[in-house]
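Trainee: Provided below for reference: sequence and predicted model.
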Amino acid sequence: MEMTSSAPVTGPTDQDPEDDQEDAVQRKSSRSRRPNTMLQPEHKKSLALVEIDNLLRKGGKSLKDFDGMPLPDSNAIQGLTNRLLNEELNYDRCSLQTECSELLQKLNVDQRKAFDAITESVNGQLGKLIFVNGYGGTGKTFLWKAITTSLRSEGKIVLAVASSGIAALLLPGGRTAHSRFHIPLNINNESTCNIKQGTFLAELLNRTSLIIWDEAPMTNKHCFEAPDKSLRDILRSTDDKRENKPFGGMTVVMGGDFRKILPVVPKGRRSHIIDTSLKRSYLWKHFEEIKLTQNMRLTAHTNCKEEQKKTKEFAEWILSIGDGLAGDKDDESWIKIPKDLILQRGENEMETIVNSTYPELTLKYNNREYLEERAILCPRNEMVDEINSYVMSQIPGEETTYLSSDTVCKAISAQESDDQMYPKEFLNSLKFSGTPNHELRLKVGLPIMLLRNINQSAGLCNGTRLTITQLGKWFIEAQIITGTNIGNKRHELFNYEAK
Ligand SMILES: Nc1ncnc2c1ncn2[C@@H]1O[C@H](COP(=O)(O)OP(=O)(O)OP(=O)(O)O)[C@@H](O)[C@H]1O
């Protein structure tokens with residue numbers, strides 16, 4: 001925007017807020033990190049007015065000196081300087097409205113009931129806590145989509161979080177609960193979140209209408225209690241009574257299935273694990289439970305009756321395990337696996353396992369859909385290594401080996417004999433869970449899984465699957481094949497050097 005103090009001042013008008021403001025808007029939009037967000041007309045208008053005012057001030061004048069000139073809306077401006085608020089407010093409401101009406105038409109009876117209860121609580125500021133209980137495939141994620149698009153299309157703020165990065169990727173604008181609420185990693189019953197009054201995050205929470213928390217049963221109860229305490233503290237600044245309400249009177253929806261994995265307690269017994277679950281929290285008594293019971297996954301991907309029947313039988317069997325009905329009479333932890341799910345031992349076990357999941361691998365290993373819908377789960381890392389080596393040997397192409405940095409760190413307390421006691425070769429041969437092996441062998445075309453949360457907004461989380469497209473001396477380039485951002489290429493630098 002170019003303007004001199006002698007130029008006639010023609011500020012933005014209500015009829016046409018677009019033209020004069022393009023420059024300021026351009027700069028602001030380019031700072032927004034979310035691709036589906038855009039500035040609303042009131043933001044554009046206020047931004048342009050601020051720019052004009054800045055220019056006028058250089059000449060010793062201001063907008064207030066001109067009769068009839070509109071002034072920037074301080075609320076809209078506040079929202080724009082707060083990056084967190086900006087991200088949550090600047091959705092393209094028109095396209096959300098269209099998406100929302102399509103989703104609403106599709107909701108089944110249970111989903112509609114949950115949708116109505118949640119939106120009623122938000123619109124009436126009732127501050128309800130709702131737990132949407134549904135086993136895998138009953139359409140919880142679909143419901144979150146319908147709710148977030150509906151409320152965001154009205155300009156309301158919905159914070160969608162999940163307990164893990166990979167689950168958060170399935171939510172529109174999702175983040176992990178830990179990063180969103182600054183939940184401490186070492187948590188106990190006295191922990192609170194690291195959120196101070198007056199910060200961008202506190203302001204965002206003040207303006208939030210709804211929190212959706214997916215896959216809640218796998219999270220330690222203290223991780224809900226910490227934001228509960230912090231929200232009571234932050235939101236009491238608007239009304240003292242909010243201090244006594246769960247989550248400060250905010251509507252909070254949690255979802256998941258208690259049959260799935262509960263919080264991990266290292267070396268914990270069954271009773272310890274159950275004791276850390278949401279159901280043992282002081283918050284649980286405030287939750288209203290809504291059940292989703294219809295398995296929407298049965299019909300979502302195929303019209304083939306035979307396929308649907310097989311999926312249904314498998315889903316029912318999984319459910320019976322979760323309900324404790326499939327176990328042995330004497331010991332319910334022993335499950336009999338139906339014969340048709342067991343592979344028959346062949347001459348080469350590895351070949352049998354890999355061929356059953358990845359038939360015609362050598363022909364199809366480049367096909368994204370083929371890779372996306374297949375995975376082999378193993379209980380132990382040694383088995384993973386064995387299967388990986390076998391799959392590697394089947395995929396054509398040259399292998400590149402990367403080695404981790406292996407300089408021994410000389411600690412002050414180190415003794416000279418340490419070098420002999422722990423030679424490099426010995427240290428390099430160690431394999432720990434959670435730490436990459438010293439040697440990593442890769443090939444172009446190989447499917448891989450990321451084990452770190454590198455960049456959530458780019459879809460690079462612990463659990464994201466990719467295929468390798470290029471192997472350099474210092475970098476590995478891969479293409480995302482699951483979750484959001486499918487098809488994106490990313491260069492990742494590792495602390496490895498190609499041999
Ligand atoms: N009302 C609906 N109309 C059409 N398709 C639906 C509906 N609800 C869910 N689906 C589809 O059914 C499948 C399973 O739904 P969704 O992923 O939402 O279930 P979920 O409960 O989140 O499952 P999980 O717990 O395993 O993640 C998806 O493909 C989804 O698009």
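Mentor: Cool, the structure landed. Numbers count the residues shown, from 1 in each chain.
Trainee: switch to C-alpha atoms for all contacts and neighbour counts from now on
Mentor: OK.
Trainee: The ligand contacts on this protein?
Mentor: By C-alpha under 6 Å from any ligand atom, the residues of the chain that approach the ligand are 106-108, 135-142, 296-297, 300.
Trainee: I'd like to know which of those residues are part of helices.
Mentor: With helices taken from DSSP state H, the overlap with these comprises 106, 140-142, 297, 300.
Trainee: which one of those residues has the most neighbours?
Mentor: Using other C-alpha atoms under 10 Å as the neighbour criterion, K140 leads these with 23 neighbours.
Trainee: List the contacts of it.
Mentor: With contact set as C-alpha atoms under 8 Å, 6 or more residues apart in numbering, K140 has these partners: 111, 132, 134, 255-256, 292.
Trainee: biggest separation within these, which pair?
Mentor: Within the contacts of K140, Q111 and G256 form the most distant pair, 13.9 Å apart (C-alpha to C-alpha).
Trainee: Flag the shaky bits of the stretch 351-499 of the chain, pLDDT-wise.
Mentor: Low-confidence segments of the stretch 351-499 of the chain, defined by pLDDT under 70: 407-420, 483-499.
Trainee: Which residue ranges of it form strands?
Mentor: Under the criterion DSSP state E, counting those that start in this stretch, strands of the stretch 351-499 of the chain are mapped to 400-404, 439-442, 447-449, 465-471, 475-480, 489-493, 496-498.
Trainee: Which other helices and strands does the second one contact?
Mentor: Other helices and strands packing on strand 439-442, by 3 or more C-alpha pairs under 8 Å, 6 or more residues apart in numbering; DSSP states H and E, are strand 400-404.
Trainee: Now with 10 Å, please.
Mentor: Here strand 439-442 touches helix 381-394, strand 400-404, strand 496-498, going by 3 or more C-alpha pairs under 10 Å, 6 or more residues apart in numbering; DSSP states H and E.
Trainee: could the ones you listed be laid out in JSON lines, adding mean neighbour count?
Mentor: Listed next are these as JSON lines, based on neighbours: other C-alpha atoms under 10 Å:
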{"stretch": "helix 381-394", "mean neighbour count": "14"}
{"stretch": "strand 400-404", "mean neighbour count": "17"}
{"stretch": "strand 496-498", "mean neighbour count": "17"}
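Trainee: Select, out of those, the one closest to N367.
Mentor: helix 381-394 (15.2 Å).
Trainee: For the closest residue to E332 other than its chain neighbours, which three-state class applies?
Mentor: Distances taken as C-alpha to C-alpha, 6 or more residues apart in numbering put G324 closest to E332, at 6.7 Å, once the chain neighbours are dropped. Using DSSP: H, G, I helix; E, B strand; the rest coil, the structure places G324 in coil.
Trainee: Which phi and psi values does G324 adopt?
Mentor: Main-chain torsions, G324, degrees, to the nearest 10: phi 70, psi 20.
Trainee: Return the residues in contact with it.
Mentor: G324 is in contact with 259, 332-333, 335, counting by C-alpha atoms under 10 Å, 6 or more residues apart in numbering.
Trainee: And for E154?
Mentor: Neighbour list for E154: 89, 91, 93-94, 96-97, 148 [criterion: C-alpha under 10 Å, 6+ apart].
Trainee: and I480, how many residues sit next to it?
Mentor: I480 has 26 neighbours, counted by other C-alpha under 10 Å.
Trainee: can you map out the strands along the stretch 201-350 of the chain?
Mentor: 208-214, 251-256, 287-292.
Trainee: now the ones you listed as TSV including mean neighbour count?
Mentor: Formatted as TSV, the strands of the stretch 201-350 of the chain follow (neighbours: other C-alpha under 10 Å):
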stretch	mean neighbour count
strand 208-214	24
strand 251-256	23
strand 287-292	17
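Trainee: Rebuild these as CSV, extending it with distance to A117 and mean pLDDT.
Mentor: Converted to CSV, the strands of the stretch 201-350 of the chain look like this (distance: least, C-alpha to C-alpha, whole Å; pLDDT from 0 to 100):
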stretch, distance to A117, mean pLDDT
strand 208-214, 12, 97
strand 251-256, 10, 97
strand 287-292, 9, 96
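Trainee: ok, now how distant is the residue nearest to E332 from I261?
Mentor: G324 sits 14 Å away from I261, going by C-alpha to C-alpha, to the nearest Å.
Trainee: for the contacts of K140, which one is nearest E399?
Mentor: Closest to E399, out of all of these and judged by C-alpha to C-alpha, is G256, at 41.5 Å.
Trainee: so what's the nearest residue to the closest one once chain neighbours are set aside up against?
Mentor: In space, and not counting its chain neighbours, G256 is closest to E215: 4.6 Å by C-alpha to C-alpha, 6+ apart. By C-alpha under 10 Å, 6+ apart, E215 lies in contact with 140, 161-164, 167-168, 254-258, 260-262.
Trainee: D214 too?
Mentor: D214 makes contacts with 131-132, 140-141, 144, 160-164, 167-168, 170-171, 174, 176-177, 253-257, as judged by C-alpha under 10 Å, 6+ apart.
Trainee: Now render the helices and strands packed on strand 439-442 as JSON lines, adding distance to I52.
Mentor: Supplementary listing: those in JSON lines, determined by distance: least, C-alpha to C-alpha, whole Å:
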{"stretch": "helix 381-394", "distance to I52": "61"}
{"stretch": "strand 400-404", "distance to I52": "55"}
{"stretch": "strand 496-498", "distance to I52": "52"}
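Trainee: How much space separates the residue nearest the centre of the chain from D228?
Mentor: Closest to where the C-alpha atoms of the chain average out (C-alpha atoms, centre = their mean) is A168, at 1.6 Å. Using C-alpha to C-alpha, A168 is found at 20 Å from D228.
Trainee: do the same with L49
Mentor: Separation of L49 from D228 (C-alpha to C-alpha): 39 Å.
Trainee: ditto for P246
Mentor: Distance of P246 to D228, computed by C-alpha to C-alpha: 6 Å.
Trainee: and I261, what does it touch?
Mentor: Here I261 is in contact with 215, 217-219 (criterion: C-alpha under 10 Å, 6+ apart).
Trainee: between the residues you listed, which has the most around it?
Mentor: P217 (24 neighbours).
Trainee: Am I right that it is in contact with S163?
Mentor: Yes. Under the criterion of C-alpha atoms under 10 Å, P217 makes contact with S163 at 8.9 Å.
Trainee: Quick check: T482 vs the ligand, distance?
Mentor: Remark: distance between T482 and the ligand (C-alpha to the nearest ligand atom, to the nearest Å) = 14 Å.
Trainee: doesn't N381 make contact with F432?
Mentor: Yes. With contacts counted by C-alpha under 10 Å, F432 reaches N381, the gap being 8.9 Å.
Trainee: Do you have the helices of the stretch 251-400 of the chain handy? List them.
Mentor: In the stretch 251-400 of the chain, the helices defined using DSSP state H, counting those that start in this stretch lie at 270-275, 297-300, 305-322, 349-357, 361-364, 368-372, 381-394.
Trainee: out of those helices, which comes closest to Y402?
Mentor: With C-alpha to C-alpha as the measure, helix 381-394 is the member of the helices of the stretch 251-400 of the chain nearest Y402 (14.7 Å).
Trainee: Thanks again, I'm all set now.
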